[in-house]
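[1] Quick one: sequence plus predicted model below, questions after.
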Amino acid sequence: MYTVKYTTAYKKSYRLMKKHGLDISLPDDIVDKLRQGIPL
């Protein structure tokens, strides 16, 4: 298992995605898989 440090750039991108009405579950799933060590 890895720990995830959310950078300022990631947070800004996340906010912009939310503001534009994009699907937020996709980056959340990818970050979760990377945290668990599952290859993409």
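    Received the coordinates, thanks.
[2] for Leu34, what are its contacts?
    2, 4, 40 (Cβ atoms under 8 Å, 6 or more residues apart in numbering). In short, each C-beta sits where N, CA and C put it, glycine included.
[3] Recalculate using a threshold of 7 Å.
    Taking Cβ atoms under 7 Å, 6 or more residues apart in numbering, we find Leu34 in contact with Tyr2.
[4] Okay, and it sits in which element?
    Leu34 is located in helix 25-36, with elements delineated by DSSP states H and E.
[5] what are the C-alpha coordinates of that helix, in CSV please?
    The C-alpha coordinates for helix 25-36 follow below in CSV (Å, rounded to 0.1, in the frame of the first residue of the first chain):
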residue,chain,number,x,y,z
SER,A,25,-15.4,9.2,-9.9
LEU,A,26,-12.8,8.5,-12.7
PRO,A,27,-9.8,10.2,-11.1
ASP,A,28,-10.8,8.9,-7.7
ASP,A,29,-10.8,5.3,-9.0
ILE,A,30,-7.4,5.7,-10.6
VAL,A,31,-5.9,7.2,-7.5
ASP,A,32,-7.4,4.4,-5.4
LYS,A,33,-6.0,1.8,-7.7
LEU,A,34,-2.5,3.4,-7.6
ARG,A,35,-2.7,3.6,-3.8
GLN,A,36,-3.4,-0.1,-3.6
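[6] Show me which residues of it are buried.
    Along helix 25-36, not one residue counts as buried under the neighbour rule (16 or more other Cβ atoms under 10 Å).
[7] pLDDT on it, on average?
    For helix 25-36, mean pLDDT is 93.
[8] Could you do stretch 1-13 as well?
    92.
[9] Which residues does that stretch contact?
    Contacts of stretch 1-13 (Cβ under 7 Å, 6+ apart): 31, 34-37.
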